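> Sequence and predicted structure are below.
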4 protein chains.
Amino acid sequence: MSKHEMSAARKRPRQARSQATVHAILGAATQVLDREGIDAATTTHIAEVAGVSIGTLYQYFPHRDAILNALQDREFERALSLMQSALCEDNLGKAPRETVTSVVRGLAQLYAAAPGLHRVLAIEGLRVAQADRVHAFDLRVIAIIRHFLIATRAPLRRANADAAAFVAYQSVRATMLASLLERPPGLTEATLIDELVDLVLSYLVETE
Amino acid sequence: MSKHEMSAARKRPRQARSQATVHAILGAATQVLDREGIDAATTTHIAEVAGVSIGTLYQYFPHRDAILNALQDREFERALSLMQSALCEDNLGKAPRETVTSVVRGLAQLYAAAPGLHRVLAIEGLRVAQADRVHAFDLRVIAIIRHFLIATRAPLRRANADAAAFVAYQSVRATMLASLLERPPGLTEATLIDELVDLVLSYLVETE
Amino acid sequence: MSKHEMSAARKRPRQARSQATVHAILGAATQVLDREGIDAATTTHIAEVAGVSIGTLYQYFPHRDAILNALQDREFERALSLMQSALCEDNLGKAPRETVTSVVRGLAQLYAAAPGLHRVLAIEGLRVAQADRVHAFDLRVIAIIRHFLIATRAPLRRANADAAAFVAYQSVRATMLASLLERPPGLTEATLIDELVDLVLSYLVETE
Amino acid sequence: MSKHEMSAARKRPRQARSQATVHAILGAATQVLDREGIDAATTTHIAEVAGVSIGTLYQYFPHRDAILNALQDREFERALSLMQSALCEDNLGKAPRETVTSVVRGLAQLYAAAPGLHRVLAIEGLRVAQADRVHAFDLRVIAIIRHFLIATRAPLRRANADAAAFVAYQSVRATMLASLLERPPGLTEATLIDELVDLVLSYLVETE
DNA sequence: GATGAATGAGCGTTCATTCAT
DNA sequence: GATGAATGAACGCTCATTCAT
């Protein structure tokens, strides 16, 4: 441990410990959800796996849903930052296929890392109580995509950028999740990526 | 109701009563799921709304999940018969846009009739225990679509018919559900249908 | 069917039918209890096996326990008539071993015919609500045995005939049931009978 | 309580609390079973009488039967230790009547302390699901008795030690329970003990 | 802060019993 | 009389949450 870290630790010993505890709980929740599913994700079980008491868990999360929300937020942020890097201004001039491929491939990696977790997060995202959170996330996704669509030099086929962004994103997201959960015939991960890239490209971009 | 059905109904008044009760329970379940969500769909509440006792409910359904399954099956069958009529052999020569439009429009009607219910059925379909049921349904959908794709005279762009069927179906299904639940900016139902038809057409069919 | 029987049947057609129904229900109850145990002996299941409706069952038995009571009574009567014939006045002069053997053997047959049923009846007999019925039966058993003990010419060892009757009867009954349910090592049915006869004889009778 | 036990208790106050709760639950269960019978022994009622919530009850017992099993085990162990001390090697030379009397008297005390409980435990022991537990207990009882019978210097009448042990034990056990539950005429506790001692002695031992 | 024993609302389910047909 | 659809009290059990230590 470097001096810098030590002084930081000494300055806020509670925060450092706190963060470690929060991290352990979220890690445990992720593991439990991914491996055992949502029915096994009781507060008691998550606390056990995290190696903390149930009382401690409730000191960091006001209720069970707050844990799921935190996990959801983490994945939301990962997806957003992924898209933001792929669709940033520097890439406006790249070949459309290259750009789309990098987004699709990134999302595929995200999902494949923990399919069970994303299954649960998809369920969670469909609950009525989550509507606002999901909506807010979707608006941010749409904004990123629309912003890129409007600025790109590629010849676009869609007039309604908002609609196009929504349709493209939902199609990729849902097909990818369904594919991961069902592994349907003739659909390896590579094939899936190719198909989704084609789907999005042919929908969005003028083919010469 | 055909004469045959009528006479059958007259012959067994008890069965008629039973069917009315089953119908009431399924109706109540649909209503509860659509309006109040899955957490409100307790056996007690469904029985209350159906106007029957909890005991009666259990005389017709062995357990709570059997009710959800019955509802799921009903929607599965509706979706399948919808696609089967739109993608039947008689329509092989029709303009692709017309065919795709009729499928997308049909699904849109199905979903719009009870978006809340389809939200819950989507959740239900994501549960691990439901994997086989969903998989079986998906295989039937894929079979119907693939069969049409292979037989149609329209110039196809996809080599892998299975993959194409899966991707097209999942994209339409999920985007439609998400749209209905979120009503994102610039996406009326009419726009959505147009966009999804374009999505599917440009993905599947050679554009001249 | 003889004329005599026919006229009897014509005179009371309802009673004949009734008796057949009662018989069917008791037979079904016996079968269910013996083969499937008390947990399977729901009124619905008994009615099913009897081939009558649940409504009919309740026309002949006011409540579930009445069925068990009827079965219990039947076995009570069988045991009593068994003992009565073995311990009747005609047998007062027989060799004690012969008399005891015939009682023990008779009880063994009764139990072996339906061990599962007797297991259930033993459970039933232990319930608080059954105390009076069991007590009444025991008093009749004791009376029969005591009557024989007092009258027999065999040289008795017991001063208290009531106590002796009770102890002898309970010992035989319980050991027999336990043996049937557990089949303990080294205890075939024949051995069991020999041991119980020895037990009773050495307890009751002066050995020369 | 030994020093060791005390220090262990002081070291873990939580465990002390837990043990108190377990004790309260078992005490409540004993009381309910003894006074109100098995039908009143619902989890809710036991928890109420114990002064704890239903949730607490389930923190210590995985299911209702585990409570009954714990009680059964306790009585099993008491009976076994009783017999073991009475039939230990030190007593091999004692007068048979003395040895048998101490066993019978011990069992009588055990049963008389809570006749209602033993009534229920007898019921419980007769259930099919309990067969293995009861069988295991019976084998231990038989082993203890047989071991003594084989080693004793008293002149035995029985060739089959296993059978003799089983018959003697079942006879004493069942007669005692029946007597306690029915209090039949002419059978005080003292008389009962005398009769049972005579029963066992005359069955097992050569009378001079 | 950390602990984990305690809580209790609420769930899914069973089954003896009733009564309109 | 016979039927069986309907009833609902009551059960065993779970698990998110609280709070005294």
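Sure, I can see it.
> any idea how chain A splits into domains?
Per automatic domain parsing, the structural domains of chain A span A:1-61, A:64-208.
> Now the shortest one: average pLDDT?
Averaging pLDDT along domain A:1-61 gives 82.
> Now residue A:156. Its backbone dihedrals?
Main-chain torsions, residue A:156, degrees, to the nearest 10: phi -90, psi 150.
> hang on, the earlier thing: with respect to DNA strand E, which of the domains of chain A lies nearest?
Closest of the domains of chain A to DNA strand E is domain A:1-61, at 2.1 Å (criterion: Cβ to the nearest atom of the strand). No exception for glycine: its C-beta is placed from N, CA and C like everyone else's.
> do that closest one and chain D meet?
No. Figure legend: domain A:1-61 not in contact with chain D (Cβ under 8 Å from any Cβ of the partner chain); closest approach 10.6 Å.
> I'd like the distance between the residue most central in space within chain A and residue A:26.
Closest residue to the average C-alpha location of chain A: residue A:75 at 3.3 Å, with Cα atoms, centre = their mean. Distance, residue A:75 to residue A:26, using Cβ to Cβ, to the nearest Å: 11 Å.
> now do residue A:93
39 Å.
> can you check residue A:120 too?
Counting by Cβ to Cβ, the gap from residue A:120 to residue A:26 is 14 Å.
> Looking at these two, which one has more neighbours?
The residue with more neighbours, out of residue A:120 and residue A:26, is residue A:120; 26 against 18, by other Cβ atoms under 10 Å in any protein chain shown.
> Now stretch A:139-158: average pLDDT?
Stretch A:139-158 carries an average pLDDT of 93.
> now the helices for chain A?
In chain A, the helices defined using DSSP state H lie at A:3-11, A:13-36, A:43-50, A:54-60, A:64-86, A:96-113, A:115-126, A:131-151, A:161-182, A:189-204.
> Give me whichever of the ones you listed is most buried.
Neighbour counts (mean count of other Cβ atoms under 10 Å in any protein chain shown) averaged over each of these peak at helix A:161-182, with a mean of 23.
> Mind telling me which residue of chain A is nearest chain B?
Nearest to chain B, among the residues of chain A, is residue A:174, at 2.9 Å (Cβ to the nearest Cβ).
> How about that residue, nearest residue that isn't a chain neighbour?
Excluding the flanking residues, the one nearest residue A:174 by Cβ to Cβ, 6 or more residues apart in numbering or on different chains is residue B:174, at 2.9 Å.
> what about the residue in chain A that chain C sits nearest to, how many neighbours?
As assessed by Cβ to the nearest Cβ, chain C sits closest to residue A:39 within chain A, at 28.1 Å. Residue A:39 has 11 neighbouring residues, counting by other Cβ under 10 Å.
> what's the spacing between it and DNA strand F?
6 Å (Cβ to the nearest atom of the strand, to the nearest Å).
> which one is residue A:135 nearest to, not counting chain neighbours?
Using Cβ to Cβ, 6+ apart and skipping the chain neighbours, the partner closest in space to residue A:135 is residue B:182 (5.4 Å).
> residues contacting the one you found?
Applying Cβ atoms under 8 Å, 6 or more residues apart in numbering or on different chains to residue B:182 gives the contacts A:131, A:134-135, A:138.
> Which pLDDT value belongs to it?
Value for residue B:182, per-residue pLDDT: 90.
> which residues touch the nearest residue to residue A:168 once chain neighbours are set aside?
Leaving aside its chain neighbours, residue A:168 sits nearest to residue A:200 (5.1 Å; criterion: Cβ to Cβ, 6+ apart). Applying Cβ under 8 Å, 6+ apart, we find residue A:200 in contact with A:100, A:104, A:168, A:171-172.
> Farthest-apart pair in those residues, please.
Farthest-apart pair in those is A:100 and A:171; separation 12.0 Å (Cβ to Cβ).
> For residue A:187, grab the count of nearby residues.
21.
> Got the phi and psi for it?
phi -140, psi 80.
> from memory it sits against residue B:164, does it?
No. Here residue A:187 does not reach residue B:164: they are 10.0 Å apart, not a contact under Cβ atoms under 8 Å.
> Quick check: neighbours shared by the two?
residue A:195.
> still on that earlier bit, if we take the contacts of residue A:200, which one ends up nearest to chain D?
residue A:172 (45.4 Å).
> excluding its backbone neighbours, what's nearest that closest one?
residue A:196 (5.3 Å).
> what does chain A put close to DNA strand E?
Within chain A, the positions near DNA strand E by Cβ under 7 Å from any atom of the strand are A:14, A:17-18, A:21, A:52-56, A:58-59.
> In chain A, what residue comes closest to chain D?
Residue of chain A nearest chain D, by Cβ to the nearest Cβ: residue A:44 (10.6 Å).
> Does residue A:114 touch residue A:30 like I think?
Yes. Residue A:114 sits in contact with residue A:30 when judged by Cβ under 8 Å, with a separation of 6.7 Å.
> how far away is the spatially closest residue to residue A:185 that is not a sequence neighbour from residue C:171?
Ranked by Cβ to Cβ, 6+ apart and with sequence neighbours excluded, the top spatial neighbour of residue A:185 is residue B:162, at 5.3 Å. Separation of residue B:162 from residue C:171 (Cβ to Cβ): 76 Å.
> do residue A:50 as well
61 Å.
> Next up, the contacts around the residue lying closest to residue A:158 once chain neighbours are set aside.
Excluding the flanking residues, the one nearest residue A:158 by Cβ to Cβ, 6+ apart is residue A:164, at 3.8 Å. The contact partners of residue A:164, taken as Cβ under 8 Å, 6+ apart, are A:145-146, A:149, A:156, A:158, A:203-204, B:195.
> Export the residues you listed as CSV, with columns for distance to residue B:67.
Listed next are those as CSV, based on distance: Cβ to Cβ, whole Å:
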residue, distance to residue B:67
A:145, 40
A:146, 42
A:149, 44
A:156, 47
A:158, 42
A:203, 38
A:204, 42
B:195, 35
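> Let's have the residues you listed in CSV, adding distance to DNA strand F.
Shown next, in CSV, are the contacts of residue A:164 (distance: Cβ to the nearest atom of the strand, whole Å):
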residue, distance to DNA strand F
A:145, 35
A:146, 37
A:149, 41
A:156, 47
A:158, 43
A:203, 41
A:204, 42
B:195, 39
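> Let me see the contact set for the residue nearest to residue A:174.
Counting by Cβ under 8 Å, 6+ apart, residue B:174 has contacts A:170-171, A:173-175, A:178.
> shouldn't residue A:108 be in contact with residue A:191?
No. Here residue A:108 lies out of contact with residue A:191, judged by Cβ under 8 Å, at a distance of 11.4 Å.
> Could you list the contact residues of chain A toward DNA strand F?
Contact residues, chain A versus DNA strand F (Cβ under 7 Å from any atom of the strand): A:39, A:41-44, A:54-55, A:58, A:63-65.
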